[in-house]
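> Have a look at this prediction, sequence included:
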Amino acid sequence: MRSFTKFVKGHSAKGRTKSDDEKRRIGEKNSINMKLWMSRHPDIAKKRGKEMFSGRTPEIEAKRIESTKCAYDSMTAEDKQKFSDHTSRLWQDGTLVEARTKAAQTFKDRFANGEYDFTERNDKISAAITQLYLDGGFQWSTGQYTSIKTGATCNYRSSWEKEFMELLDNDPRVEAWNYEPLTIPYIHEGKTHRYIPDFLVVIDGKDVLVEVKPPSLTDTKMNEAKRQAASDFCQKNGWKYQVWNPESVL
């Protein structure tokens with residue numbers, strides 16, 4: 001059976017197969033005519049738009065997405081390439097860019113109106129990233145250090161952190177230390193984030209929470225929020241908070 005996507009026929013086509021260029025021009029002309037009609041009949045267009053999306057329940061959307069995936073998976077390599085080429089042309093002529101811009105603005109407007117709530121989702125993502133960070137699962141882990149004092153092996157993320165670890169091991173005042181020991185929630189730009197201090201050090205019987213940070217980065221708004229949250233946390237627990245760099249004294 002000849003599919004409509006393969007054979008596009010007009011009144012005078014008489015069964016002739018349309019070329020890709022002809023089908024593209026027909027599609028572009030139909031798109032222009034449809035946009036023109038909708039611009040002249042905005043009330044009807046809006047009504048039909050609502051009718052079109054009114055039946056899109058989560059279950060139907062899930063089936064639609066699954067059906068689309070199955071259809072794509074069943075395509076031949078040649079058809080997939082044609083699909084990719086067609087998509088590239090749409091990006092190049094600005095069609096998809098315009099559509100994506102409109103979709104992004106719609107999302108922003110709806111989010112601003114409180115139609116979307118990603119609090120739970122964002123909290124799960126943040127927790128997962130935090131755990132991955134603690135497990136040394138990111139590519140910026142530059143090496144491992146095994147403490148001669150604690151026996152723990154840590155994934156240090158900078159030469160300064162490694163230097164600080166060595167300092168802790170060789171300082172007789174330091175009774176114990178732990179790398180990335182906990183997470184502290186903080187607020188930045190109205191959103192809740194998790195801050196992971198670099199070290200918890202027991203020195204001369206006192207607990208000190210230490211962040212290894214270059215002076216040039218300590219005054220950013222985000223780091224100021226982290227520092228304030230850590231200071232409040234330490235004050236509640238009777239600890240001390242310190243930002244350290246190689247020129248500092250522990």
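Sure, I can see it.
> Show me where the chain has its strands.
143-146, 153-156, 174-179, 184-188, 191-195, 199-203, 206-212, 240-244 (DSSP state E).
> What distance do you get for residue 120 to residue 26?
Residue 120 sits 46 Å away from residue 26, going by Cβ to Cβ, to the nearest Å. In this view, the C-beta of every residue, glycine as well, is placed from N, C-alpha and C.
> Between these two, which has more neighbouring residues?
The residue with more neighbours, out of residue 120 and residue 26, is residue 26; 13 against 8, by other Cβ atoms under 10 Å.
> Please report how far that one lies from residue 19.
Distance from residue 26 to residue 19, by Cβ to Cβ: 11 Å.
> and residue 74, which of the strands of the chain is closest to it?
strand 191-195 (41.9 Å; Cβ to Cβ).
> Okay, buried residues for the closest one please.
By 16 or more other Cβ atoms under 10 Å, the buried positions in strand 191-195 come out as 193, 194, 195.
> Now render these as a markdown table, adding pLDDT and distance to residue 48.
What follows is the buried residues of strand 191-195, written out as a markdown table (pLDDT from 0 to 100; distance: Cβ to Cβ, whole Å):
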| residue | pLDDT | distance to residue 48 |
| --- | --- | --- |
| 193 | 90 | 43 |
| 194 | 90 | 46 |
| 195 | 93 | 50 |
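> domain assignment for this structure?
Structural domains annotated on the chain: 20-49, 136-244, as defined by automatic domain parsing.
> any chance of these in JSON lines, plus distance to residue 96?
Shown next, in JSON lines, are the domains of the chain (distance: least, Cβ to Cβ, whole Å):
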{"stretch": "domain 20-49", "distance to residue 96": "13"}
{"stretch": "domain 136-244", "distance to residue 96": "30"}
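> from those domains, which stretch is densest packed?
The highest average neighbour count among the domains of the chain, using mean count of other Cβ atoms under 10 Å, belongs to domain 136-244 at a mean of 15.
> Low-confidence bits of the chain, can you list those?
For the chain, the stretches flagged by pLDDT under 70 are 1-17, 53, 55-56, 118, 121-122, 125-126, 128-141.
> Kindly list the longest helix within it.
In the chain, with assignment by DSSP state H, the single longest helix is helix 20-40.
> That one - contacts with which helices or strands?
On a contact count with 3 or more Cβ pairs under 8 Å, 6 or more residues apart in numbering; DSSP states H and E, helix 20-40 meets no helix or strand.
> What separation do you get for residue 245 and residue 184?
21 Å.
> Residue 102 too?
For residue 102, the distance to residue 184 - Cβ to Cβ - is 40 Å.
> next one: residue 30
Taking Cβ to Cβ, one finds residue 30 at 57 Å from residue 184.
> Can you measure across stretch 127-144, start residue to end residue?
Taking Cα to Cα, to the nearest Å, stretch 127-144 runs 23 Å from one end to the other.
> same thing with stretch 33-48?
16 Å.
> Could you tell me how far stretch 101-119 lies from the centre of the chain?
Distance of stretch 101-119 from the chain centroid (Cα atoms, centre = their mean, to the nearest Å) equals 16 Å.
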